Every structure is written in C-alpha cells, then in structure tokens.
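**Q** sharing a model that was predicted from the sequence below.
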Amino acid sequence: MNRTLIQDVLTARKIGESATVAGWVRTVRHSKGGFSFLSLNDGSCFAQLQIVADQSLPNYEAEVLHLSAGCSVVVAGELVASQGKGQAVEMQARELRVLGQCDAETYPIQPKHHSFEFLRTVAHLRPRTNTFGAVARVRNRICSAIHEFFQQRGFLYVHTPIITASDCEGAGEQFGVSTLDPAAPPRDEKGQVDFAQDFFGRRTYLTVSGQLAVEPYCCSLGDVYTFGPTFRAENSNTPRHLAEFWMVEPELAFADLDDDARLAEDFLKFIFSAVLQNCADDLKFFNERVDKTILETLQGIAESEFVRLSYTEAMDILGKANRTWDYPPKWGADLQTEHERFLTEETFHRPVIVTDYPAAIKPFYMYLNDPDEQGRRTVRAMDVLVPKTGEIIGGSQREHRLDVLEGRMSDCGLNRDDYWWYLDLRRYGGIPHAGFGLGLERCVQFCTGMANIRDVIPYPRTPRNAEF
RNA sequence: UCCCCGAUAGCUCAAUCGGUAGAGCGAGCGGCUGUUAACCGCUAGGUUCAAGGUUCGAGUCCUUGUCGGGGAGCCA
C-alpha cells in the first residue's frame, strides 16, 4: 500500500496536498450535521491525525457511523486547515475504507484510563495505547543511539552466543538448556542425569552476560560491543528486574577504569540527548502523565558532569550523614539501595559513579588494586548510579595479569580448567582492558519515568509469568 | 525468597459495627453538537479471586492457596 506516515503528514505535508493514511481509530465523534471526526493513529508518532468524514462518502451511513475505537481504516483525502481547536491541520476524507472492525463491547482498550497492571494482562493490545506506543518509540530510539554511538567511535559489533557451556559466569542463577526428556532423562552409573547424552554433549545454559565471550574479540580487534538478550533465573520480584532482558556490553582495549567511566558517562549522555532530540512528543507525554520531573532530569544530566567517587569515599559520606539507616554503612559491605538513593537523590542530585569496591564482594575477573594504607583490598570496579532507577551500569577494568587472575580464581573456588581459553588471553599478548554492562530496560525506565520494568519491554518474562 | 498491602460490574473504585452490592468511566439506545477527556437522558451489566471454616446471616472475620502492588535481597 502506498501510504504516508502520519508523522510525515503532520511535519512534511502542506495544506492542499493529497495523501493516503492508514491506522487505527482512537476515538470517534459523530455530528448530526452529517459528518464525523476520527482520531487516527498509525504508530509513527505520538500525535493523532484528525479525519473529517462526511455524508458525501458512499459508505458513510453503512460504515463510518458504526466505527468505534480500535477499528482499522485506510483514508485517502486532502489536507485542510482545521476549523476546530486542538489541531492545525486535518484530513478531509475523499475515500474511507474499513480494513478491520472492532467490537466495542469486547475490545479491552477503552477510550479511558487503564492501569498498567490491567494493560499487562493484554500485552498484545497495549501497544495501541498512548503510553505503550511512546515507550516503544523511545526504546527504539535508545537502541539506534546505542549503535550510533559505538559505530561513530569505531567499535566493532560482536555477537556473543545465547547458549553457553560455562556454568559459573558469576552473574547469577542460570536457565538450563536441554533437549532431554524431563520425565525420563538418561542416567549415569551414579543415577545422575547424564548430560553427555544431551544435545551439546554437556550441560548448557542461557547466557547471563556476554562479557567473557566478547573479551577475546577486544583482545584481538580492539574496541568492541555486544548487545543482546540476557537471562537470569533469579527469583527476583521487583520493579527493576526481569528474567529476560537486553544488555549492552562494550569492551575497551588498552584501557583502564578511568577510560571506562569516561565512556560510560559519554554513552549515557549521548543516549539521553538522542531521546530528547528525537522523541520530543513522547517525552512531553511522559512528563505530563507519568513523571513530572523526567524532562528536567534528562536535560540536566545531558549537560552536567557525573560525580566520581570511590567506594571508600562513599562510605565516609554515608557514615557522616545525619540520619538513621536500616543498614548502617560499613566498609566491606555492599552499598544498599538506601545508600545509593542517598548519594544520587539527596547528596548530589545527579548520576554518581562509585569505583573501587572491596575485592571480597566482586567477581574474580576485576583488576586487583594494591592494598591501601590499612591493608584493605579493592578492585577496579564501578557502578553508575542514577536517581530512582539505581544501578544502571556495572563495569570494571579486567584483571589481565595471569598470576593475579589465577590467584583470584583460586580464592573464589573456581576451576582454572573451565576458563582455559579466558586465561589464554592473558597468556598470549595480554592487554589492559575494561568494560561495562548497561541494562537496556533500566535505561528505558530512566528515560520514560515508567515505574515498573515490566512496562518497558513488550512481553516481560518474570517468575511465574511467560504469557504471550 | 522475606516483610507489608490488595483482589467487588468491561475498566477505575466505594460499600459505616458482620445485616437488601453502589458510583464514575466504558458499552447499547435516544437527544444535542466543527467535535476533540465533549455534553444531557434512558438501559443493560455481579459465582464480590479460589477452596475451606466461624456465624441466624460473610464483600466484610479466620485458614490455606493463586494472582497483583510496594519495600528488601540478588543485580543490569
């Protein structure tokens, strides 16, 4: 069909021009004067195009008068200056064809307010609403900005596997992948399930991170990034966690943690600027209906410097704070949510990059710092914390010294043989390198103000929920 | 997984001390109207999440379960 997107009609077409548009009716208002007003949305932008359909249309009485919210139509007509308020231009229909009827009695998306909880139960129809259309467009813009940012800087896009054999990537519980019959799996002599007879001849899992798999490409080709789905089988029931989510993981060659933090800050600012620039109508809607601070916050961040401080400095600030804690800050323990919020929302009012966490609470692959004057060991890790969402990025400089890495693996109780290829990178031409992971959905949450992560991904997967 | 809260009409919610289950929106019909969160009138619409229990009587109290929300942990 040779149609014009409503976005183009509203921005690029002039009064007097003809066009054909197609979309879904949002609301219908019939006038006894012999004409009807349709609000038409086709997803190309937030705005609706008002269609004026009058009784000169041959199907006016038979079809137009029976249209309701949700019907799909194709309209050919001419752009005219609107006589009413609320829109500058509208389309005078010359021909209106109904593509799909929509029973108003049973259609779940009524022209009224719905709760996000209810809309989750109709996830296949919620993209027809203002909110979820806007979320989808912002999410898309963020994804294109991610690729733009890295491609402009010469990063290579690398596809890491979804299915992995390493069962100790260190980032959480994993989903097993198997084609064995769960009711009657083959058993070995000890009565254990014999995964040697499974599809891959060994135990396999869905990936919890592409990092380990992308490092070899970084240590061969330079700056790289991976961007794909990630799976965590944690029983997490929060507005910030999904069992299936998307993660961007750049890996910088010949780089340390300072380079990494600088990249993370530039990266987030690039994304926020892109969204501000290209999704103005959607953001205006979020700012009015979802979170009245979202525009101010995004603009403020795009222009301000992120705060940098070490874990030890953060502990000092928290320790001196004049308030009571559910978890009193203590060097050696991880930052609690209340600590993170205090830093971002009450102390600095902007993103904070916390670096150099105690080695004992971080994974084996992070670069080990020299002991401080008190003999405490830290690693070159960083978390980028933002107001409300909390941790949006986690990253580190990687340990590239073979002996130190092997020592850390022993301390963590890991078997070197399982990581022979990972250790090879340090054995043969090892280089300092660093990287981070950005949770895409948390980024979408931050840009839209949507409170629940289940509402920024089309079909959320969470414990006990894989509908649609 | 732990703590707290909730589940009533298609949707959003109300229902006093345990005593006849209501409103708004939406829908249908009619009126009015270059309308646009339209407006006015009428009508239909209920296994009060499920299963037990207490009681003359349960939407309301008790138990268990399911689902949802908020907080925490795990993290992105």
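**A** Thanks, I have the structure now.

**Q** please count neighbours and contacts with C-alpha atoms only from this point.
**A** Will do.

**Q** the longest strand in chain A is where?
**A** Residue-count comparison of every strand in chain A, with assignments taken from DSSP state E, identifies strand A:18-31 as the longest.

**Q** pull out the buried residues from it.
**A** Of the residues in strand A:18-31, those buried under the neighbour-count criterion (16 or more other C-alpha atoms under 10 Å) are A:18-28, A:30.

**Q** same list, those residues, but as CSV with distance to A:Arg187 please.
**A** Rendered in CSV, the data for the buried residues of strand A:18-31 read as follows (distance: C-alpha to C-alpha, whole Å):
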residue, distance to A:Arg187
A:Ser18, 71
A:Ala19, 67
A:Thr20, 64
A:Val21, 61
A:Ala22, 58
A:Gly23, 56
A:Trp24, 56
A:Val25, 58
A:Arg26, 58
A:Thr27, 61
A:Val28, 64
A:His30, 70
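
**Q** show me which of the residues you listed is closest to RNA strand B.
**A** For those, the closest approach to RNA strand B (C-alpha to the nearest atom of the strand) belongs to A:His30, at 5.1 Å.

**Q** what about A:Leu368, distance to RNA strand B?
**A** When distances are taken as C-alpha to the nearest atom of the strand, to the nearest Å, A:Leu368 and RNA strand B turn out to be 17 Å apart.

**Q** before we move on, what about A:Thr230?
**A** Taking C-alpha to the nearest atom of the strand, one finds A:Thr230 at 8 Å from RNA strand B.

**Q** check A:Lys112 too.
**A** The spacing between A:Lys112 and RNA strand B, counted by C-alpha to the nearest atom of the strand, is 5 Å.

**Q** mind pulling the model confidence for that residue?
**A** For A:Lys112, the model assigns a pLDDT of 84.

**Q** what about it, which helix or strand?
**A** When secondary structure is defined using DSSP states H and E, no element contains A:Lys112, which sits outside every helix and strand.

**Q** up against RNA strand B, what does the stretch 201-350 of chain A have?
**A** Residues of the stretch 201-350 of chain A found near RNA strand B (C-alpha under 7 Å from any atom of the strand) are A:232, A:234-245, A:247, A:334, A:336-338.

**Q** give me the average confidence score over the longest strand of chain A.
**A** Across strand A:18-31, pLDDT averages out at 92.

**Q** that one pairs with which strands, parallel or anti?
**A** Here strand A:18-31 has these sheet partners by DSSP bridges: strand A:35-41 (antiparallel), strand A:72-81 (antiparallel).

**Q** shaky segments in chain A?
**A** Low-confidence segments of chain A, defined by pLDDT under 70: A:167-172.

**Q** what segments of it are helices?
**A** For chain A, the helices identified by DSSP state H occupy A:6-12, A:116-120, A:130-152, A:211-221, A:257-278, A:280-289, A:294-303, A:311-320, A:337-341, A:402-411, A:420-427, A:440-448, in order along the chain.

**Q** looking at those, which is buried most?
**A** Burial among these, expressed as mean neighbours by mean count of other C-alpha atoms under 10 Å, is greatest for helix A:440-448, which shows a mean of 24.

**Q** what pairs with the nearest residue to A:Ser72 once chain neighbours are set aside across the strands?
**A** Residue nearest to A:Ser72 in three dimensions, not counting chain neighbours: A:Trp24, with 4.4 Å by C-alpha to C-alpha, 6 or more residues apart in numbering. Using DSSP bridges, the bridge partners assigned to A:Trp24 are A:Asn41, A:Ser72.

**Q** mind listing what A:Trp24 touches?
**A** A:40-42, A:69-73 (C-alpha atoms under 8 Å, 6 or more residues apart in numbering).

**Q** now swap in A:Leu67 and tell me
**A** A:Leu67 makes contact with A:28, A:101, according to C-alpha under 8 Å, 6+ apart.

**Q** ok, now with 6 Å
**A** Residues counted as contacts of A:Leu67 (C-alpha atoms under 6 Å, 6 or more residues apart in numbering): none.

**Q** could you do A:Arg3 as well?
**A** Contacts for A:Arg3 were tallied using C-alpha under 6 Å, 6+ apart; they are A:20-21.

**Q** try 10 Å
**A** Remark: with contacts taken as C-alpha atoms under 10 Å, 6 or more residues apart in numbering, A:Arg3 is in contact with A:19-22, A:74-76.

**Q** adding distance to RNA strand B, write the residues you listed out as a markdown table.
**A** Supplementary listing: these in a markdown table, determined by distance: C-alpha to the nearest atom of the strand, whole Å:
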| residue | distance to RNA strand B |
| --- | --- |
| A:Ala19 | 17 |
| A:Thr20 | 18 |
| A:Val21 | 17 |
| A:Ala22 | 18 |
| A:Val74 | 19 |
| A:Val75 | 16 |
| A:Ala76 | 16 |
